[in-house]
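Undergrad: 3D, please:
(one chain, ligands or ions: 1)
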Amino acid sequence: MKHGQCKYCLKKAELCVSHAIPNAYFRKMFRMDGGNAIHLTDGPDKNKKTQDSGSDYLLCEQCEDAFNAEFDRPAISFLKKYRTQISSTGHRGIYPIRNLFQFVVSVIWRAAVSRASLYSQVQLSSADEFRIRSALFNRKQLRNVASVSIRNLSDSTPNGFSESELANFIQPPARFDGISKGKNYALYAMIFDGFVLTIHLPRLPYPRGRKRTFVTSEHRRVFAADFDIFSYPPMLQVMRSAFQKYKAGHQTFKG
Ligand SMILES: [Zn+2]
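TA: Numbering: from 1, shown residues only. Here you go, the predicted model:
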């Protein structure tokens, strides 16, 4: 605990060690890889093996508890059940969900206000940060701030990654900037538990944002279409380089 101003309610209080991507995923990675999580990186650097779970003093105890109860726990539980469904039956189909949209928005907001180096690509203008924080307070506004999608990470290449290997990655939010209908937007893509979660800021215009892989703030069902790691242009460069490095390291380790 450390005394400071809660980033959410702005009250002065003892602050908790908060996470953007829930610590549960890092704990799982640490267990599976001898205490290290694998973070994918682009560029010439090696993928980092690290124990950094991207924590920072962000929220007072009350807000931390509220974020955990309203966003993190329902989303972790949903993603776990969905992962099991996909693994056991192969069905990518719908599954009831509460608050996945809100969870993803809350992760990006926490990443933006965090000083953790893991989240250095997540930068929001102070106006956007205020807008998103207000929308997390007043849920009715949430639908206006972002578009959120979920896909199931897959690899169709021969001898490619298995589903369990893919489920072992954590990709902190990577930023891609684009223009849609003359408007600038930022796309953040993150990976954990074998899912690719994306968020567009500001939200995409109708009907692009109504495709079924997009999650809405009202809908209780999702459809995570497969997302082939080597087939999606905006992320191809970052992910190809990162996955190839991982694969090279992985093969060396195995061999
Ligand atoms: Zn607070």
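Undergrad: output the below-cut-off pLDDT ranges for the stretch 51-200 of the chain.
TA: Applying pLDDT under 70 to the stretch 51-200 of the chain flags residues 51.
Undergrad: how are the helices of it distributed by residue range?
TA: With DSSP state H, counting those that start in this stretch, the ranges of helices along the stretch 51-200 of the chain come out as 61-67, 73-89, 100-113, 126-137, 163-166.
Undergrad: what sits up against the first one?
TA: Just to be clear, that refers to helix 61-67. Cys6, Tyr8, Cys9, Ala13, Glu14, Cys16, Ser18, Leu58, Leu59, Ser106, Arg110 (C-beta atoms under 8 Å, 6 or more residues apart in numbering). C-beta: built from backbone N, CA, C; applies to glycine.
Undergrad: which bits of this structure sit near the ion?
TA: Residues of the chain lying near the ion by C-beta under 5 Å from the ion: Cys6, Tyr8, Cys9, Cys60, Cys63.
Undergrad: rerun that using 6 Å as the cut-off
TA: The chain comes close to the ion at residues Cys6, Tyr8, Cys9, Lys11, Leu59, Cys60, Gln62, Cys63, as judged by C-beta under 6 Å from the ion.
Undergrad: can you put the helices of the stretch 51-200 of the chain in TSV and add mean neighbour count?
TA: Converted to TSV, those look like this (neighbours: other C-beta atoms under 10 Å):
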stretch	mean neighbour count
helix 61-67	17
helix 73-89	16
helix 100-113	24
helix 126-137	15
helix 163-166	16
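Undergrad: out of these, nearest to Met190?
TA: Among these, helix 100-113 comes nearest to Met190, with 7.3 Å by C-beta to C-beta.
Undergrad: okay, the closest one in PDB with CA atoms only?
TA: Coordinates of each C-alpha in helix 100-113 appear next as PDB, following Å, rounded to 0.1, in the frame of the first residue of the first chain:
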ATOM      1  CA  LEU A 100     -16.800  -8.300 -21.400                       C
ATOM      2  CA  PHE A 101     -17.100  -4.900 -23.100                       C
ATOM      3  CA  GLN A 102     -16.800  -3.100 -19.900                       C
ATOM      4  CA  PHE A 103     -13.900  -5.200 -18.800                       C
ATOM      5  CA  VAL A 104     -11.900  -4.500 -22.000                       C
ATOM      6  CA  VAL A 105     -12.600  -0.700 -21.700                       C
ATOM      7  CA  SER A 106     -11.500  -0.900 -18.000                       C
ATOM      8  CA  VAL A 107      -8.200  -2.700 -19.000                       C
ATOM      9  CA  ILE A 108      -7.300  -0.100 -21.500                       C
ATOM     10  CA  TRP A 109      -8.200   2.700 -19.100                       C
ATOM     11  CA  ARG A 110      -6.000   1.100 -16.300                       C
ATOM     12  CA  ALA A 111      -3.200   0.500 -18.800                       C
ATOM     13  CA  ALA A 112      -3.400   4.200 -19.800                       C
ATOM     14  CA  VAL A 113      -3.200   5.600 -16.300                       C
END
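Undergrad: number the residues from 781 up from this point.
TA: Sure, I'll start counting at 781 from here, so that last one is helix 880-893.
Undergrad: quick one: it to helix 906-917, angle?
TA: On the basis of axes from the mean of the first three to the mean of the last three C-alpha atoms, to 10 degrees, helix 880-893 is oriented at 140 degrees to helix 906-917.
Undergrad: and helix 880-893 with helix 853-869, angle?
TA: Calculated by the same axes, to 10 degrees, helix 880-893 forms an angle of 120 degrees with helix 853-869.
Undergrad: hmm, back to that, who wins for most neighbours among the contacts of helix 841-847?
TA: With neighbours defined as other C-beta atoms under 10 Å, the most crowded of those is Arg890; it has 27 neighbours.
Undergrad: show me what contacts that residue?
TA: Contacts for Arg890 were tallied using C-beta under 8 Å, 6+ apart; they are Ser798, His799, Ala800, Leu838, Phe847.
Undergrad: swap the cut-off to 10 Å and go again
TA: By C-beta atoms under 10 Å, 6 or more residues apart in numbering, Arg890 lies in contact with 787-788, 798-802, 834, 836, 838-839, 847, 851-852, 896, 899, 902, 916.
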